[in-house]
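J.: Just the structure for this:
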Amino acid sequence: MTTTLSIRELTRSGDILAAYDYIDIEDRKSHQYKGVFVPERHAESVKDFLEHGLLKEKQRKIEGMLKFAGMATGDIGDSSIQELKRGTEADPR
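T.: Modelled structure (predicted):
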């Protein structure tokens, strides 16, 4: 079960977190989405999900940087820039 509240409504009644699976927070005047609150019972699973996603993103960035690190050390051999571009295009990430 979910609901949408303003930050002001949430601060008036912190016990409301226990009644919902998550609460969307929005600015009541501008209707701009501000974020989401989760109750304590879901906090660990949300943290695990985010950590896993962030870890995958960091690993993808590191792998991309390591490709260019090979260029600096001469690990690419006699490949032309066109051959290198084809190699990265063939490896979709």
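J.: just the helices in the chain please.
T.: 7-12, 40-73, 81-89 (DSSP state H).
J.: least reliable of these going by mean pLDDT?
T.: Considering these one by one, the lowest average pLDDT is found for helix 81-89, at a mean of 67.
J.: sorry, back to before: just put the helices of the chain in CSV and tack on mean neighbour count and distance to residue 20.
T.: C-beta coordinates here come from the backbone N, C-alpha and C atoms, glycine included. Output for the helices of the chain, formatted as CSV (neighbours: other Cβ atoms under 10 Å; distance: least, Cβ to Cβ, whole Å):
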stretch, mean neighbour count, distance to residue 20
helix 7-12, 12, 11
helix 40-73, 10, 10
helix 81-89, 11, 45
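J.: Tabulate those in a markdown table, adding columns for distance to residue 24.
T.: Formatted as a markdown table, the entries for the helices of the chain read as follows, by distance: least, Cβ to Cβ, whole Å:
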| stretch | distance to residue 24 |
| --- | --- |
| helix 7-12 | 11 |
| helix 40-73 | 14 |
| helix 81-89 | 39 |
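J.: closest one to residue 27 among the ones you listed?
T.: Comparison of these against residue 27 by Cβ to Cβ identifies helix 7-12 as nearest, at 8.0 Å.
J.: My read is that residue 4 contacts residue 26, right?
T.: Yes. With contacts counted by Cβ atoms under 8 Å, residue 4 reaches residue 26, the gap being 5.8 Å.
J.: Sweet, I'm off.
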